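Colleague: quick one, what's the 3D model for this:
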Amino acid sequence: TMTRKDYVLIAETLRELLADIDREPVGMREVLTGERIGVRSVALRLAEQLRQDNPRFDRTRFIEACGLTA
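Modeller: Predicted coordinates:
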């Protein structure tokens, strides 16, 4: 079973990926949009899997910790 520390590590990693994308040059906007969509998709899929693993898992809080909106 995963712990809160594990959930925090995953959320921080996804948030850092989004921050890295945001620091890229503006001329790559189309590529960056695709990357943001990919990170969001991973975060949403992980949130669902983590909720199935732990019924007390707060999906909304996790998504927000990733730097996304639920």
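
Colleague: can you give the distance from the least confident helix or strand in the chain by mean pLDDT to the centre of its chain?
Modeller: Every helix and strand of the chain was ranked by mean pLDDT, DSSP states H and E. The lowest is helix 29-53, at a mean of 90. Distance of helix 29-53 from the chain centroid (C-alpha atoms, centre = their mean, to the nearest Å) equals 6 Å.

Colleague: going forward can the numbers begin at 564, since that is how I track them
Modeller: In the new numbering, first residue 564, that becomes helix 592-616.

Colleague: and the next helix or strand past that helix?
Modeller: Moving toward the C-terminus from helix 592-616, the first helix or strand encountered (DSSP states H and E) is helix 622-628.

Colleague: for residue 575, see how far away residue 568 is.
Modeller: 11 Å (C-beta to C-beta, to the nearest Å). For every residue, glycine as well, the C-beta is placed using N, CA and C.

Colleague: of those two, give the one with the bigger neighbour count.
Modeller: Comparing residue 568 with residue 575 by other C-beta atoms under 10 Å, the one with more neighbours is residue 575, at 13 against 8.

Colleague: just the element for that one, please.
Modeller: Assessed by DSSP H and E, residue 575 sits inside helix 567-585.

Colleague: which residues touch that helix?
Modeller: Helix 567-585 is contacted by residues 595, 598-599, 602, 605-606, 609, 613, 620, 625, 628-631 when judged by C-beta atoms under 8 Å, 6 or more residues apart in numbering.

Colleague: tell me how many other residues surround residue 578.
Modeller: If you count neighbours by other C-beta under 10 Å, residue 578 ends up with 17.
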